[in-house]
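Novice: pasting the structure only:
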């Protein structure tokens, strides 16, 4: 009897944990934390474990809060789409009240934790939550410009790490912001291309032309080129303390050309398989680019 009760309890806890991961989009939140930590390594003169832990915890809370608010707002639309209908709220596993409680608790925890690092970090974290939930989310069913608005909170994590390390916002974190800002367009439009049919069920307008056409693919190419250019600007010594060696810049530019290749393939074929390859290439690019920046600084 005790074994059965214990097993049921463990199963229940596992489900609660699983729903928490889903309401906060754990994989996305962890990738954002990775970007923030990379930015911290670039900005810090001396590495310390406590600020890193505060940044990681606070960053997860902020992203998790944004995602929880988002799922509360879009609960009815999520129920219409195959990709999202099994999320905790539309599936009935979690009430709106509980989801809002999680979102509010994470907001408070996140802002307080980041404030302990410094007020500027907390301010940018709060701005990202506001833009994501109050501007980007409502615009998704109104206009494709929502992706442009969403790129602002999405670009904050990389620069947030620098601000957390230095308590300063200048050309360096501004450059990190711009790199991740321009990267998001090919990434999200590739994702939007793949999921276009499902997005239309929820009324979301994610592609710049509203269609999977050459116009959308051309914009993906143009933003990829801008991303490539901005990613190597620090090699010219015009971005303050943020610097890049010629070898690292060449490597990052080469990785960008791989993304550009897949963008041209999408322009040529205009199919979901090409969009998926571009999306995967974009995820690989942003991760490796940040690693190259950090390794280049450390060596």
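Specialist: Arrived safely, thanks for sending. Just so it is clear, the model here is predicted, and its values are computed rather than measured.

Novice: tell me the pLDDT at residue 239?
Specialist: What the model reports as pLDDT for residue 239 is 95.

Novice: assess the claim that it and residue 233 are in contact.
Specialist: Yes. With contact defined as CB atoms under 8 Å, residue 239 counts as touching residue 233 (6.1 Å). C-beta here means a position set from N, CA and C on the backbone, and glycine is covered the same way.

Novice: any residues in contact with both of these two?
Specialist: The contact sets of residue 239 and residue 233 overlap at residue 175 (CB atoms under 8 Å, 6 or more residues apart in numbering).

Novice: for the closest residue to residue 293 other than its chain neighbours, give me phi and psi.
Specialist: Closest residue in space to residue 293, ignoring its immediate chain neighbours: residue 42 at 6.0 Å, by CB to CB, 6 or more residues apart in numbering. For residue 42, the backbone dihedrals (degrees, to the nearest 10) come out as phi -70, psi -30.

Novice: burial count for residue 42?
Specialist: For residue 42, the count of nearby residues is 26 (other CB atoms under 10 Å).

Novice: tell me the contacts of it?
Specialist: Residue 42 neighbours (CB under 8 Å, 6+ apart): 161-162, 165, 172, 176, 242, 293-294, 297.

Novice: next one: residue 266
Specialist: 190, 193, 217, 220, 274-275, 278.

Novice: give me the buried positions along the helix or strand hosting it.
Specialist: For residue 266, the host element (DSSP states H and E) is helix 246-269. Using 16 or more other CB atoms under 10 Å as the test for burial, helix 246-269 gives 248-249, 251-252, 255-256, 259-260, 262-267.

Novice: now do the following helix or strand past that helix: distance to the chain's middle.
Specialist: Following helix 246-269 in sequence order, the next helix or strand is helix 272-298 (DSSP H and E). The chain centroid and the centroid of helix 272-298 are separated by 13 Å under CA atoms, centre = their mean, to the nearest Å.

Novice: what of stretch 67-87?
Specialist: Mean C-alpha position of stretch 67-87 versus that of the full chain (CA atoms, centre = their mean) differs by 18 Å.

Novice: excluding chain neighbours, what is closest to residue 102?
Specialist: Per CB to CB, 6+ apart, closest to residue 102 is residue 68, 5.2 Å.

Novice: ok, that neighbour - contacts?
Specialist: 23-24, 99-100, 102-103, 106.

Novice: my guess is residue 253 contacts residue 233, does it?
Specialist: No. Applying CB under 8 Å as the test, residue 253 and residue 233 come out as separate, 11.0 Å apart.

Novice: which ones are touching the spatially most central residue of the chain?
Specialist: With distances taken as CA atoms, centre = their mean, residue 154 lies nearest the centre of the chain, 4.9 Å away. Each residue near residue 154 by CB under 8 Å, 6+ apart is listed here: 180-181, 184.

Novice: helices of the stretch 101-250 of the chain, residue ranges please.
Specialist: With DSSP state H, counting those that start in this stretch as the criterion, the stretch 101-250 of the chain has helices at 119-130, 137-139, 146-166, 171-194, 196-202, 214-231, 246-269.

Novice: turn the ones you listed into TSV, columns for mean pLDDT and distance to residue 56.
Specialist: Formatted as TSV, those follow (pLDDT from 0 to 100; distance: least, CB to CB, whole Å):
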stretch	mean pLDDT	distance to residue 56
helix 119-130	95	12
helix 137-139	93	25
helix 146-166	94	10
helix 171-194	96	17
helix 196-202	91	31
helix 214-231	97	24
helix 246-269	97	25
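
Novice: out of those, the one nearest residue 80 is which?
Specialist: Closest to residue 80 of the helices of the stretch 101-250 of the chain, according to CB to CB: helix 196-202, at 4.8 Å.

Novice: what's the closest one packed up against?
Specialist: On a contact count with 3 or more CB pairs under 8 Å, 6 or more residues apart in numbering; DSSP states H and E, helix 196-202 meets no helix or strand.

Novice: if you set the cut-off to 10 Å instead, what comes out?
Specialist: Packing contacts for helix 196-202, counted by 3 or more CB pairs under 10 Å, 6 or more residues apart in numbering; DSSP states H and E, involve helix 75-78, helix 171-194, helix 272-298.

Novice: list the contacts of that helix.
Specialist: 74, 76-85, 140-141, 191-193, 195, 204-207, 210-212, 216, 272, 275 (CB atoms under 10 Å, 6 or more residues apart in numbering).

Novice: try 8 Å
Specialist: So helix 196-202 is contacted by 74, 77-78, 80-84, 141, 192, 205-207, 212 (CB under 8 Å, 6+ apart).
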